[in-house]
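A.B. asks: Just a sequence and a predicted model for now, questions to come.
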Amino acid sequence: AAFLQYQTNVSGSDYQVTAIRFAEQNLLGFGIQSSVGDFGTWLEFAAVQGDVDYNRASIGTDYAIYENLFFMVEYHYNGAGSEDTADYIFEQFTKPYEAGGVFLLGQDYLIPSLSWQKSALTTVSLQTLVNLNDQSAFTSLSIDRSISENFYMGLSIYLFTGDDISQDIVGLPALNSEYGASPSQIFLNFRYYF
């Protein structure tokens, strides 16, 4: 693999150009981060060519509602994915998924998030990843607390919604949505830095 990236700042906007050679594929991408009034904005695009050709793009904005409340929303296009849930199982065995780092199964996603710095020691975050093609969603709610200078504790809840898995006529599994077959989860984590 080979990787080349150039970044620069012009008039307060960050620009980036990337070229990557991996697994007999070539990726050429660009990105821009800037602001429009009080809103932060970004646009990223990548074109991959080789055994499998596809494009990926993201556009988004963020805004500080208050000094401790931060909102972000992003639209992501995944050209390696499919609009048809019948393709989900098989596309995971294609080059974009096996060698290209692609993991989203659909093509169109909306990703809103909200982060609240409750205090200097506590942060609450809410994020949803919505597959616009099959209407399924993955929502995460997390609370992180600093217990001491190097010790942190977190509580997270993962909720998955969408149509569940089923069987086709010959008894093979069929995903009816990207997130509907996943179980909801709750977990506690502890982190210590040294």
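C.D. replies: It's in.

A.B. asks: how about this protein, which residue sits the furthest from its center?
C.D. replies: In the chain, the residue that sits farthest from the middle, by Cα atoms, centre = their mean, is residue 170; the gap is 33.9 Å.

A.B. asks: So it, which state does it fall into?
C.D. replies: Reduced to three states with DSSP: H, G, I helix; E, B strand; the rest coil, the structure at residue 170 is coil.

A.B. asks: Numbering from 747 from now on, please.
C.D. replies: OK, 747 is where the count begins now, so the last one is residue 916.

A.B. asks: Retrieve the pLDDT associated with it.
C.D. replies: pLDDT for residue 916: 80.

A.B. asks: For residue 765, see how far away it is.
C.D. replies: Going from residue 916 to residue 765 by Cβ to Cβ, to the nearest Å gives 44 Å. (C-beta placed from N, C-alpha, C; glycine too.)

A.B. asks: again, but for residue 852
C.D. replies: 27 Å.

A.B. asks: Have a look at those two and say which one is more surrounded.
C.D. replies: The neighbour comparison of residue 852 against residue 765 (other Cβ atoms under 10 Å) goes to residue 852, with 25 against 13.

A.B. asks: ok but that one is inside a strand, no?
C.D. replies: No. Residue 852 sits outside any strand when classified using three-state DSSP, being coil.

A.B. asks: Tell me who's in contact with it.
C.D. replies: Contacts for residue 852 (Cβ atoms under 8 Å, 6 or more residues apart in numbering) come out as 824, 827, 828, 829, 877, 878, 879, 880, 924.

A.B. asks: Please list the members of the residues you listed that lie in strands.
C.D. replies: When the contacts of residue 852 are checked against strands using DSSP state E, the ones located there are 824, 877.

A.B. asks: could I get the contacts of residue 852 as JSON lines with neighbour count?
C.D. replies: As requested, these are exported to JSON lines (neighbours: other Cβ atoms under 10 Å):
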{"residue": "824", "neighbour count": "22"}
{"residue": "827", "neighbour count": "26"}
{"residue": "828", "neighbour count": "17"}
{"residue": "829", "neighbour count": "11"}
{"residue": "877", "neighbour count": "24"}
{"residue": "878", "neighbour count": "16"}
{"residue": "879", "neighbour count": "19"}
{"residue": "880", "neighbour count": "23"}
{"residue": "924", "neighbour count": "26"}
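
A.B. asks: so can I have CSV of the contacts of residue 852 showing distance to residue 810?
C.D. replies: As requested, those are exported to CSV (distance: Cβ to Cβ, whole Å):
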residue, distance to residue 810
824, 28
827, 32
828, 36
829, 35
877, 28
878, 27
879, 31
880, 33
924, 31
